[in-house]
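**Q** No letters, just coordinates:
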């Protein structure tokens, strides 16, 4: 059972456009929501993350929007560039004795056309 | 900045053989996680260690075992390898009592023939 649902599966955006990827979760115990960027054959790289006590976090061209009541969060990539073409994974974790294993969404393959 | 180191980067084994994957966390990180990623799949959690003790266990087959050593490096031992074990294996590390952020290594690509 996928604990974090991610959409779309693939996304094509023109250079300079906005890329939007959405995720939803059910487990209200989750308290940390990171986004990872992965290039083929490489390890996932932490891009940006948010805690549920804030509704938005921005780092450069990347913004996470978080809706606690709807149990949804999304990644916005402004001014998308060809170098942003990669697979993006949302994830969630909860603290406690297990120390936060990550539950990943199925990933979104982003292609940015020049 | 120092990153997570994994070795070997590539490994080819035959069915029923054994394999050992090694992970060296970022300096001062005391928590290690192992994930398995099949082709076109999301990473799946296998097992984690905090301060040399197993802290959580996921969908890790009984044929696999792991441990964390006194220098915090970790090894994933895989026995009786099956074709379905072919995947990318990632190690991630964090400062367990203080941080949520997990930093991933470059992975080990295991191919079982």
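**A** That came through, no problem. If you're wondering where the values come from, they're calculated on a predicted model, not measured in any experiment.

**Q** From chain A, how far off is residue B:110?
**A** Separation of residue B:110 from chain A (Cβ to the nearest Cβ, to the nearest Å): 13 Å. Any C-beta I mention is one placed from the backbone N, CA and C, and that applies to glycine too.

**Q** Tell me what that residue is bridged to.
**A** residue B:11, residue B:87 (DSSP bridges).

**Q** before we move on, what about residue A:73?
**A** In this entry, residue A:73 is beta-bridged to residue A:23, residue A:66, by DSSP bridges.

**Q** is it true that it touches residue A:50?
**A** Yes: look at residue A:73 against residue A:50 with Cβ atoms under 8 Å: they come within range, at 6.8 Å.

**Q** any residues in contact with both of these two?
**A** A:33, A:64, A:66 (Cβ atoms under 8 Å, 6 or more residues apart in numbering or on different chains).

**Q** Format the residues you listed as JSON lines; extra columns: neighbour count and pLDDT.
**A** Formatted as JSON lines, the shared contacts of residue A:73 and residue A:50 follow (neighbours: other Cβ atoms under 10 Å in any protein chain shown; pLDDT from 0 to 100):
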{"residue": "A:33", "neighbour count": "23", "pLDDT": "95"}
{"residue": "A:64", "neighbour count": "23", "pLDDT": "97"}
{"residue": "A:66", "neighbour count": "19", "pLDDT": "97"}
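
**Q** Look at stretch A:62-71 and report the distance between its end residues.
**A** 20 Å (Cα to Cα, to the nearest Å).

**Q** which outside residues touch it?
**A** In contact with stretch A:62-71 (Cβ under 8 Å, 6+ apart) are residues A:24-26, A:28, A:33, A:35, A:47-50, A:52, A:54-58, A:72-78.

**Q** could you flag which of those are buried?
**A** Buried members of the contacts of stretch A:62-71, counted by 16 or more other Cβ atoms under 10 Å in any protein chain shown: A:24-25, A:33, A:35, A:47-50, A:52, A:57, A:73-77.

**Q** which of these sit farthest apart?
**A** A:52 and A:77 (21.7 Å; Cβ to Cβ).

**Q** Need the nearest residue in space to the residue nearest to the spatial centre of chain B, chain neighbours excluded.
**A** Chain B has residue B:34 as the residue nearest its centroid, 3.4 Å off, counting by Cα atoms, centre = their mean. In space, residue B:34 comes closest to residue B:46 once its chain neighbours are excluded; the distance is 4.2 Å by Cβ to Cβ, 6 or more residues apart in numbering or on different chains.
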